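>>> Below is the structure, and that's it, no one-letter string:
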């Protein structure tokens, strides 16, 4: 695998695609020199983005297009990082209306946006030209969500 | 892309005389509906608190978290408890980020259930 080549994947809006997506993204991110916890965080962020698209962008309708692209980026202050773009061709929504639910309101659902934001430095939503939405996530190597590091058992 | 990389297995064992539902695999949007069904079936068949050993779960996303919230609510509606056992750090971390680590009763091993 060329460590500097961008990752470009095309999949369909079928949940059975998710395990393979995670595997492909994880292998590629690991090849870019990210730590094992950060690889897991990026995989989770992409999984959540695609899950949201299947559920909300396509209303669980199968066989619809989803594109995932990832490439290394560099910022003068933040250093080396990664930009991941997830594109669909489904329903367009006002990006300002996309927010997770109140975490104090415990119920199933509405957690994907929170998780994506926690796993990355930035998450942007755009209405894509030609229809659908474009999600752009950026994470720099100085960022870690600490998933897996904070193990404090409740006694 | 195609292929079936992820798998999910659920089986019930007895540890220290208590039935424990053991979950193995990855819990995501694909596997969550089946997990919910299997856990609710187990809850209906087994007595006492519903003890779920997640030490074999290597991955859980928001779909899996939502499933666990749903099952806990259903179990408690029937006057029972739900206890999660042996979470891997990554799964525990997802619960922490979503502020659900205090919502669930979480213990490291079956021996800690009585004190939970």
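Yep, that arrived. Predicted, not measured: the structure shown is a model, and the values here were computed from it. Numbering: from 1, shown residues only, chains lettered A, B, ... in the order given.

>>> and residue 96, how many residues sit next to it?
With no chain named, the answer covers chain A. Look at residue A:96: counted by other CB atoms under 10 Å in any protein chain shown, it has 7 neighbours. C-beta: built from backbone N, CA, C; applies to glycine.

>>> you looked at the wrong chain, it should be chain B
Counted with other CB under 10 Å, residue B:96 comes out at 19.

>>> packing partners for the helix or strand harbouring it?
Assessed by DSSP states H and E, residue B:96 sits inside helix B:89-97. Applying 3 or more CB pairs under 8 Å, 6 or more residues apart in numbering or on different chains; DSSP states H and E, we find helix B:89-97 packed against helix A:112-119, strand B:50-60, helix B:62-77.

>>> Look up the pLDDT of the residue positioned nearest the centre of chain B for me, please.
Geometric centre of chain B, nearest residue: residue B:52, 4.6 Å, by CA atoms, centre = their mean. Per-residue pLDDT puts residue B:52 at 97.

>>> For residue A:41, find the nearest of the helices and strands packed on helix B:89-97.
Of all these, helix A:112-119 sits nearest to residue A:41, with 4.3 Å by CB to CB.

>>> and the helix or strand following the closest one with helix A:112-119, angle?
Counting by DSSP H and E, the next helix or strand C-terminal to helix A:112-119 is strand A:122-127. In terms of direction (axes from the mean of the first three to the mean of the last three CA atoms, to 10 degrees), strand A:122-127 departs from helix A:112-119 by 140 degrees.

>>> that older thread, any idea how far the residue nearest to the centre of chain B is from chain A?
15 Å (CB to the nearest CB, to the nearest Å).

>>> what kind of secondary structure is the nearest residue to that residue once chain neighbours are set aside in?
Nearest non-adjacent residue to residue B:52, counting by CB to CB, 6 or more residues apart in numbering or on different chains: residue B:21, 5.0 Å away. Recorded secondary structure, residue B:21: strand (DSSP: H, G, I helix; E, B strand; the rest coil).

>>> which bits of chain B sit near chain A?
B:1-6, B:26, B:28-30, B:59, B:61-63, B:65-67, B:69-70, B:88-90, B:92-94, B:96-103, B:105-108, B:112, B:115-116 (CB under 8 Å from any CB of the partner chain).

>>> now with 7 Å?
Residues of chain B lying close to chain A by CB under 7 Å from any CB of the partner chain are B:1, B:3-6, B:26, B:28-30, B:61-63, B:65-66, B:69-70, B:89-90, B:92-94, B:96-100, B:103, B:106, B:108.

>>> contact partners of stretch A:25-32?
A:1, A:3, A:7, A:39, A:42, A:43, A:46, A:70, A:72, A:82 (CB atoms under 7 Å, 6 or more residues apart in numbering or on different chains).

>>> Any stretches of chain B with poor pLDDT?
Along chain B, the model assigns pLDDT under 70 to residues B:1-6.

>>> For residue A:10, which non-adjacent residue is closest in space?
Closest to residue A:10 by CB to CB, 6+ apart is residue A:67, at 5.3 Å.

>>> partner residues bridging residue A:122?
Beta-bridge pairing of residue A:122 under DSSP bridges involves residue A:138.
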